[in-house]
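**Student:** how would this look folded up:
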Amino acid sequence: MKSKPLVSLISPTALTTTAYSFPQTLADHGLPPLVASEIRTLQVNIGKLCNQTCSHCHVDAGPTRTENMTLETIEVLLNLLRENPGIATIDITGGAPEMNPHFKYLVTECRALGRKVIDRCNLTVFFGKDKADLPHFLADHQIEIVASLPCYSEANVDQQRGKGVFGRSIAALQQLNQLGYGKQGTGLLLNLVYNPVGPKLPPEQGELEVDYKFELRSRFGIEFNHLLTITNMPISRFLEDLRTSGRYDEYMNLLINNFNPVAIETVMCRTLLSVGWDGKLYDCDFNQMLNIPLAEGLPKTIYDFDLHRLAHRPIVTAQHCFGCTAGAGSSCGGALT
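**Tutor:** The predicted structure follows:
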């Protein structure tokens, strides 16, 4: 049965963020509660330390954060991977994950186990103390880079990510291109991430990718593989900004009114499990930052990991889940539809 649009179920003028819930939205569209289908990816947050303090950051990362995954926890994680060969991808995030002192060890060991490794990189970390060799290290180990560049405009990037970030990001991308990243036939994948500036949905991903490629190639000679558009989540700093500006209800109503039932089929939590810096498990990175644990009765850490119990687990949802299902849908891999 074809799902009805949300606007036919409830008047936009009457809609409030407290009167409508994500589980209820699923039910009203004839959709069952979210359940995982398998675990193909572990997205591992190895620390909240970062050299930037971005206004949209749902992790609340920054230079003063002290949370970092220890070597002991990394060893437990590696043993988990040895025991579960079906988990094919390790998606490493932070903070700036490269600032964890054990980042290179984790990457090297994961690659030795034959796993695909993704590094979610802010680019400017390459210019930090003792980080000049990072681009070569990543290329030598054939690490896929997912790099933040929320716009091809210097003013917009610096507004969201800090003064001077755009210029350093461009220089980092040029370094990566010189090593073969983003070039056809090299196998070195370089994907960029777009986040809207302010409370709005991303534009159409394919069209924006064309614009990005034209602007970055013509102005800076930069090549990359794909653009990933990601919706800003009403979490942490972005949530604080929404509330300070009095636009929280406006943004939540935008997400809810643009609910896309098709996106439910491919939301990332169906095939991904999130690991915190301390080894705790979550349905996704956003739940992790909201400290929303897995459903009752499930293993809660990598120390008691059980693939059979976790692979088809019920997924815990809340109102921020509207961010992943609005418009074209959103995930750490970009648009869903």
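**Student:** CA only for contacts and neighbour counts going forward, please
**Tutor:** Noted.
**Student:** now do the buried residues in stretch 330-337.
**Tutor:** Judged by neighbour count using 16 or more other CA atoms under 10 Å, the buried positions of stretch 330-337 are 330-332, 334-337.
**Student:** stretch 139-147 too?
**Tutor:** The neighbour-count check on stretch 139-147 (16+ other CA under 10 Å) flags 139, 141-147 as buried.
**Student:** would you mind measuring the gap between the ends of that stretch?
**Tutor:** Criterion CA to CA, to the nearest Å; first-to-last residue distance in stretch 139-147 is 14 Å.
**Student:** same deal with stretch 99-119?
**Tutor:** With CA to CA, one end of stretch 99-119 sits 12 Å from the other.
**Student:** next, report how far that stretch is displaced from the centre of its chain.
**Tutor:** Taking CA atoms, centre = their mean, to the nearest Å, one finds stretch 99-119 lying 18 Å from the centre of the chain it belongs to.
**Student:** contacting residues around it?
**Tutor:** By CA atoms under 8 Å, 6 or more residues apart in numbering, the residues outside stretch 99-119 that reach it are 46-47, 49-50, 68-71, 74, 78, 81-82, 87-93, 97-98, 125, 141, 143-146.
**Student:** which of the residues you listed fall within strands?
**Tutor:** 89-93, 144-146 (DSSP state E).
**Student:** in the stretch 51-200 of the chain, which spans are strands?
**Tutor:** Using DSSP state E, counting those that start in this stretch, the strands of the stretch 51-200 of the chain run over residues 89-93, 116-121, 144-148, 190-194.
**Student:** residue 273 is nearest to which of the ones you listed?
**Tutor:** Counting by CA to CA, residue 273 lies closest to strand 89-93 out of the strands of the stretch 51-200 of the chain; the figure is 10.1 Å.
**Student:** tell me what angle the closest one forms with strand 116-121.
**Tutor:** An angle of 10 degrees separates the directions of strand 89-93 and strand 116-121 when computed by axes from the mean of the first three to the mean of the last three CA atoms, to 10 degrees.
**Student:** which other helices and strands contact strand 89-93?
**Tutor:** Judged by 3 or more CA pairs under 8 Å, 6 or more residues apart in numbering; DSSP states H and E, the packing partners of strand 89-93 are strand 41-45, strand 116-121.
**Student:** okay, now the unreliable bits of the stretch 201-337 of the chain?
**Tutor:** Under the criterion of pLDDT under 70, none of the stretch 201-337 of the chain is flagged as low confidence.
**Student:** tell me if I'm right that residue 160 and residue 197 touch.
**Tutor:** Yes. Under the criterion of CA atoms under 8 Å, residue 160 makes contact with residue 197 at 6.9 Å.
**Student:** between these two, tell me which one has more neighbours.
**Tutor:** Using other CA atoms under 10 Å as the criterion, residue 160 and residue 197 rank with residue 160 on top: 20 against 17.
**Student:** could you dump the strands of the stretch 51-200 of the chain to a markdown table with distance to residue 315?
**Tutor:** Compiled in a markdown table, those are given as follows (distance: least, CA to CA, whole Å):
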| stretch | distance to residue 315 |
| --- | --- |
| strand 89-93 | 20 |
| strand 116-121 | 24 |
| strand 144-148 | 26 |
| strand 190-194 | 26 |
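**Student:** turn those strands into CSV, including distance to residue 26 and mean pLDDT.
**Tutor:** Written out in CSV, the entries for the strands of the stretch 51-200 of the chain read as follows (distance: least, CA to CA, whole Å; pLDDT from 0 to 100):
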stretch, distance to residue 26, mean pLDDT
strand 89-93, 28, 97
strand 116-121, 31, 97
strand 144-148, 31, 95
strand 190-194, 27, 96
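**Student:** OK, contacts around residue 195?
**Tutor:** Shown here is residue 195, whose contacts under the criterion CA under 8 Å, 6+ apart are 149-151, 202, 229-232.
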